[in-house]
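A.B. asks: sharing a sequence plus its predicted fold:
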Amino acid sequence: MTIPKIYDDKNIIAMIIRGEIPNHTVYEDDRVLAFMDIMPQSEGHLLVVTKAHAVSLLDVEPDDLTYLMKKVQTIAQKMESYFKADGILLRQFNGEAAGQTIFHLHFHLIPVKQATKLKGHGLEMADADILAKQAADLKLLLA
């Protein structure tokens, strides 16, 4: 399968943006939503998504991408400090062959620590109470 040419507004991220699926929001404005990944690869793993109807990096409008990347940077700076991370891993996939499984442009921000190995993606659900606290704390830092 190649990258879809037509945006499917029934994808899970579109449903989260519309409020049809609950999430632990870290940041939201009229163009971007950031929320905790419920199956994180490390403590603090979150997604930053555009609200624009973009399948991938290859079809997003340049102005939407510029705005999104500014928010990715700001959120990464706050989460690095909050989680006392040694670094932030930024992941983004374009097309099934590249590992994209949800066809809505999104970036993974994953705090990493030298001595901690990342978990496999999508393997283990995080504790909802912990995610809620982390989201609330980060939301305050980003206000």
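C.D. replies: That came through fine.

A.B. asks: so how far is residue 104 from residue 136?
C.D. replies: Computed as Cβ to Cβ, to the nearest Å, the residue 136 to residue 104 distance reads 25 Å. Yep, even glycine has a C-beta here, placed from its N, CA and C like the rest.

A.B. asks: in stretch 128-140, what counts as buried?
C.D. replies: Buried residues in stretch 128-140, counted by 16 or more other Cβ atoms under 10 Å: 131, 134-135, 138-139.

A.B. asks: how far away from the center of its chain is the host helix or strand of residue 111?
C.D. replies: Taking DSSP states H and E as the criterion, residue 111 maps to strand 106-112. Taking Cα atoms, centre = their mean, to the nearest Å, the mean C-alpha location of strand 106-112 is offset from the chain mean by 6 Å.

A.B. asks: so that it lines up with my notes, have the first residue be 466 from now on.
C.D. replies: Understood, numbering begins at 466; the last thing we discussed is strand 571-577.

A.B. asks: what packs against it?
C.D. replies: Here strand 571-577 touches strand 511-515, helix 527-547, strand 552-556, going by 3 or more Cβ pairs under 8 Å, 6 or more residues apart in numbering; DSSP states H and E.

A.B. asks: please identify the most buried of these.
C.D. replies: Neighbour counts (mean count of other Cβ atoms under 10 Å) averaged over each of the helices and strands packed on strand 571-577 peak at strand 511-515, with a mean of 23.

A.B. asks: distance of the spatially most central residue of the chain from residue 553?
C.D. replies: In the chain, the centroid-proximal residue (Cα atoms, centre = their mean) is residue 512; its distance is 0.8 Å. Look at residue 512 and residue 553: by Cβ to Cβ, they are 13 Å apart.
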